[in-house]
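# requesting a structural model of the entry that follows:
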Amino acid sequence: MRKSFWVLILSIMVILSFTGCKGKKESIPVPAKPQESSAEPEKPEVTENKEEAATEAKPSEESTAAAEPETESHESTADTGLSLAKRLCGKYSYHTWIEDSEQEEFLILNVVEFGDNLYAYCGQAMADDHESLEAYSFWASEFIPFDAGEMKSGEKDSVKVNMLNFSIMSNAGKYWNEGISGTITYTPEGLVFEGFNDDFLCPQGDSRLFLKDERVEDVFPYLKDTGGAADGLSGLWRTKEESPLFLQFKDGNISLYQKLPDSEVYFASGSYDTSKGTVTTMMNSLGSGSMPLEWKAKYSLNGDTLTISSEEDINLSSLSEKTVFERAEEGDIPVMTADRIKFNEDSFGPFGDTAVGSVSDDEGFYGIWTTAAKDYDTAVKDGRKLYELGYESYVCYSPEWEGLSKDAYFCVTAGRFTDKKEAEARLENVKKAGFKDAYIKHSGSRKYNTLDYYNYGDVETEEKDDRVILKDVIVNIKNNWYPSFDEAEPEYKMTLVIDKNTVFDDSCEMEFFGNYEKGDSPLKWYKRNLELMEKDPDKYMSNGPALSGIFEVGITGDHIDRFFGSYWWD
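I've put the predicted structure just below:
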């Protein structure tokens, strides 16, 4: 129910802020697709990067080729003396074409290392501005080698890795799955990725060459360009635990690094200053985009011992109120290998796998279904009871699954299984535990995930011809529960995309979508309101700010599949 009080308050806020849509970027015409060459191209060994092979492009009467990526000259690998991990570092892009929207797009990578452990900032960037490439959707990748010696080698140019992805934009910052294996090869032109069989590095297990490209945005934008004065803190420090927390001070910059076998890497970097025994930093962490991470701590030096007393919580358990570090060398940094990775139920987020060996939500699972309730809290209570009895219980919302009831129920299962026989082997024990009516059924594939996103009038919006991109939106996961759910962040930020495939669900009460006109798609409705905000604020505000409030949506990845409702705050 929309509340008149909030309508009044938000109306005042929006009117006062009007000089246009806050955070909305001007739509820049997309350059035409590069023109075909009359020459017959040679068949490449890897999938062609259109930045390099314009012959794959679609002809256009007024076409202009995308600007060539800036590259730097590199010595031959035999002469560098650097480890392969360090040689693989840099900025790279793959220039491609989106057939559905007939627009250019760049797939971007900024590869970094810490002690020969390799990571990357990955993303998709539109080609509106060829001077710089900034991702509208991003995530982090860990490239975990099967052989640490390959990463450390000064002679090898290839390494086989297991790629683990995570992002604060999706899946609560947890791993998406147990990883995808493939090979990365260094070349003077860029990096060749082979065998990963994903939609980014190499679809269908093919190969792709990502070219060196200095236009790609920085993974750590708060680093100082020029070195600061040397001080007693300079150097590498480590804690004494089995999986150490490393702290590095170098040239006015700071890095915090820790890789545990059962969770995503913590890798934050930026600038720092010291004053009267206090270190003050401005950093960001891998997987969180450019979201600033400010940290302040007291420190004391005693020879080769550094004591840090943190004054702020930066979500790093090893960094207590008083943490003792000792001096270290780069050789003290262990290279994490694939055989040391140990997944558990906390390794994966709500939109990923929740148990080792489980299938992805896209494929669905066999459940031992015990109860179903119209009320979420009742279902969670049943889920807790199962967990206390030793089962990996899970609560899901039936309309989100192809094989479950279309009527809205919160369904409880005593585990999720890829193999029906495994579920059958446990069914009798579940019945003996008091759930005599328990039965086995496949969930069917997941249709979407339901969540609420919040717009307080401050969401940065980027408008394209065929989509609207909402950046760093606060979201709240709905309708699911699993044993570690209570410890997960209830709200976090992600980027959401509305396009021509986004629909209004039949359950929508359209009178609560301000300035909606019969027959509107969500994309048309949203764009109309963006235009009204700029050109006719009074009409936009006639029923309250239409784009502000709480919106219940169903998503797949970062795409909004459907809108279910628009609400004001209670």
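# report the buried residues of stretch 410-427.
Residues of stretch 410-427 classed as buried by neighbour count (16 or more other CB atoms under 10 Å): 410-417, 423, 426. Backbone N, C-alpha and C define where each C-beta goes, glycine included.
# got JSON lines for those residues, with pLDDT, distance to T280 and secondary structure too?
Shown next, in JSON lines, are the buried residues of stretch 410-427 (pLDDT from 0 to 100; distance: CB to CB, whole Å; DSSP: H, G, I helix; E, B strand; the rest coil):
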{"residue": "F410", "pLDDT": "95", "distance to T280": "47", "secondary structure": "strand"}
{"residue": "C411", "pLDDT": "96", "distance to T280": "50", "secondary structure": "strand"}
{"residue": "V412", "pLDDT": "96", "distance to T280": "48", "secondary structure": "strand"}
{"residue": "T413", "pLDDT": "95", "distance to T280": "49", "secondary structure": "strand"}
{"residue": "A414", "pLDDT": "94", "distance to T280": "50", "secondary structure": "strand"}
{"residue": "G415", "pLDDT": "90", "distance to T280": "48", "secondary structure": "strand"}
{"residue": "R416", "pLDDT": "89", "distance to T280": "46", "secondary structure": "strand"}
{"residue": "F417", "pLDDT": "88", "distance to T280": "50", "secondary structure": "strand"}
{"residue": "A423", "pLDDT": "91", "distance to T280": "54", "secondary structure": "helix"}
{"residue": "R426", "pLDDT": "90", "distance to T280": "54", "secondary structure": "helix"}
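# nearest to E189 among the residues you listed?
R416 (44.2 Å; CB to CB).
# which strand residues bridge that closest one?
G367 (DSSP bridges).
# do the same with T185
Per DSSP bridges, the residues bridged to T185 are S158, V192.
# burial count for it?
Using other CB atoms under 10 Å, T185 is surrounded by 18 other residues.
# with W295 instead?
21.
# between the two ends of stretch 283-297, how far is it?
Start and end residues of stretch 283-297 are separated by 14 Å (CA to CA, to the nearest Å).
# where's V219, which helix or strand?
According to DSSP states H and E, V219 maps onto no helix or strand at all.
# and the closest residue to it other than its chain neighbours, how far is that from E388?
Nearest residue to V219 in three dimensions, chain neighbours excluded: Y121, at 3.8 Å (CB to CB, 6 or more residues apart in numbering). Per CB to CB, to the nearest Å, Y121 is found 41 Å from E388.
# tell me who's in contact with the residue positioned nearest the centre of the chain.
In the chain, the C-alpha closest to the average C-alpha coordinate belongs to S167, at a distance of 2.6 Å (CA atoms, centre = their mean). The contact partners of S167, by CB atoms under 8 Å, 6 or more residues apart in numbering, come to 138-140, 173, 287, 494.
# farthest-separated two in the buried residues of stretch 410-427?
Within those, two members stand farthest from each other by CB to CB: F410 and R426, at 21.5 Å.
# walk me through the domains of this structure.
4-25+449-567, 54-212, 235-328, 366-442 (automatic domain parsing).
# hang on, K86 packs against D116?
Yes: under the criterion of CB atoms under 8 Å, K86 makes contact with D116 at 7.2 Å.
# who has more neighbours, those two?
Neighbour comparison, K86 and D116: the larger count goes to D116, with 22 against 17 (by other CB under 10 Å).
# about what we covered before: quick one: which of the buried residues of stretch 410-427 is nearest S275?
The closest of those, once distances to S275 are taken by CB to CB, is R416, at 52.5 Å.
# how near is the closest one to L470?
In terms of CB to CB, R416 sits 31 Å off from L470.
# ok, now S243?
With CB to CB as the criterion, S243 and L470 are 37 Å apart.
# looking at the two, which one has more neighbours?
L470 (22 against 15).
# the more buried one - nearest residue in space that isn't next to it in sequence?
L496 (4.5 Å).
# distance check, the nearest residue to G179 once chain neighbours are set aside against L118.
Residue nearest to G179 in three dimensions, not counting chain neighbours: N162, with 4.1 Å by CB to CB, 6+ apart. The spacing between N162 and L118, counted by CB to CB, is 11 Å.
# which neighbours do the two share?
In contact with both N162 and L118: F143, using CB under 8 Å, 6+ apart.
# more neighbours: the two, which one.
The neighbour count for N162 versus L118, taken as other CB under 10 Å, is higher for L118 (25 against 19).
# for that one, helix, strand, or coil?
strand (DSSP: H, G, I helix; E, B strand; the rest coil).
# that one touches L164, doesn't it?
No: contact status for L118 versus L164: not in contact, 11.4 Å apart, counting by CB under 8 Å.
# who touches both of those two?
With CB under 8 Å, 6+ apart as the test, L118 and L164 both reach E142.
# any low-confidence regions in the stretch 1-150 of the chain?
Where the stretch 1-150 of the chain drops to pLDDT under 70, the residues are 1-80, 98-102, 129.
# over to the stretch 401-550 of the chain?
486-490.
# what residues are up against G115?
Counting by CB under 8 Å, 6+ apart, G115 has contacts 246, 257, 330, 333-335.
# so which residues of the stretch 251-400 of the chain form helices?
Ranges of helices in the stretch 251-400 of the chain, per DSSP state H, counting those that start in this stretch, are 376-388.
# what are the ranges of the strands in it?
253-258, 266-275, 278-285, 293-302, 305-310, 323-328, 366-373, 394-397 (DSSP state E, counting those that start in this stretch).
# what's the shortest one in contact with?
Residues lying outside strand 394-397 but in contact with it, judged by CB under 8 Å, 6+ apart, are 354, 367, 376, 379-380, 382-383, 404, 408-413, 415-416, 443, 450, 478-482.
# that older thread, who's more crowded, Y121 and E388?
Neighbour count, other CB under 10 Å: between Y121 and E388, Y121 has more, with 25 against 10.
# next, the residue nearest to V219: secondary structure please.
strand.
# relative to G179, how far out is it?
In terms of CB to CB, Y121 sits 18 Å off from G179.
# what about the nearest residue to G195 once chain neighbours are set aside, how many neighbours?
For G195, ignoring the flanking residues on the chain, the nearest one in space by CB to CB, 6+ apart is G182 at 4.0 Å. G182 is flanked by 21 other residues according to other CB under 10 Å.
# could you do R446 as well?
Using other CB under 10 Å: R446 sits among 18 other residues.
# same question for L247.
24.
# helix, strand, or coil at it?
Assignment for L247 (three-state DSSP): strand.
# what about the closest residue to it other than its chain neighbours, which helix or strand?
Nearest non-adjacent residue to L247, counting by CB to CB, 6+ apart: W237, 4.4 Å away. According to DSSP H and E, W237 maps onto strand 235-238.
# before we move on, what about A546?
Using DSSP H and E, no helix or strand contains A546.
# tell me how far F210 lies from E194.
12 Å.
# give me the more crowded residue out of those two.
F210 (29 against 19).
# sec struct for the residue nearest to the more buried one when sequence neighbours are not counted, please.
In space, and not counting its chain neighbours, F210 is closest to Y92: 3.8 Å by CB to CB, 6+ apart. Look at Y92: counting by three-state DSSP, its state is strand.
# residues touching Y92, list them.
108-111, 190-191, 210-213, 216 are the contacts of Y92 under CB under 8 Å, 6+ apart.
# 10 Å - rerun?
49, 69, 71, 106-111, 120, 122, 189-191, 193, 209-214, 216 (CB atoms under 10 Å, 6 or more residues apart in numbering).
# residues in contact with N302?
N302 touches V324, counting by CB under 10 Å, 6+ apart.
# what's opposite it in the beta bridge?
T305.
# any idea how far V112 is from it?
32 Å.
# just for the stretch 151-300 of the chain, where's the confidence low?
169-173, 205, 227-230.
# just grab the bridge partners of the residue nearest to F210 for me.
Bridge pairing for Y92 - DSSP bridges - gives L109, K212.
# for the residue nearest to G179, list each beta-bridge partner.
Assigned bridge partners for N162, using DSSP bridges, are I144, S181.
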